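**Student:** What follows is a predicted protein model with its sequence.
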Amino acid sequence: MIKVTAAYLGSLRGSMGREQEPFSLEDRATVYSLRRLAFRKLGPKALAQMQGMVTTLNHCQVALNHVLKDGDTVAFLPPGMQTTGHGRV
């Protein structure tokens, strides 16, 4: 098992009701699996939240198939919230 933190930025904070939360995941879990777990409580509304969402890992933009490591922080940015020119938030 690994422990990671999901951080919700911008309007996602209000939707999720918090700024961040910890998760325990199976080894080799991906950003995608964390995203599904984190947003499942929103039900059908989650699909709208995920469209165009930017995901960063330790402040750098990553693909959804990126494998997480213990201690990682994954931030979810709503559509329209920009990263810097170097893929950093």
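**Tutor:** Great, that's in hand.

**Student:** Check which residues of stretch 11-27 are buried.
**Tutor:** In terms of neighbour count (16 or more other CB atoms under 10 Å), stretch 11-27 has its buried residues at 12, 15, 16, 23, 25. (Glycine included, C-beta is placed from N, CA and C.)

**Student:** which SS class is the fourth one?
**Tutor:** So that's residue 23. Classification of residue 23 using DSSP: H, G, I helix; E, B strand; the rest coil returns strand.

**Student:** The nearest residue to residue 75 once chain neighbours are set aside - how many residues pack around it?
**Tutor:** Spatial nearest neighbour of residue 75, chain neighbours left out: residue 7 (4.2 Å); criterion: CB to CB, 6 or more residues apart in numbering. When counting by other CB atoms under 10 Å, one arrives at 19 neighbours for residue 7.

**Student:** Contacts only, for residue 7.
**Tutor:** 19, 20, 73, 74, 75, 76 (CB atoms under 8 Å, 6 or more residues apart in numbering).

**Student:** Now intersect those with the strands, please.
**Tutor:** Counting by DSSP state E, those place 20, 73, 74, 75, 76 in strands.
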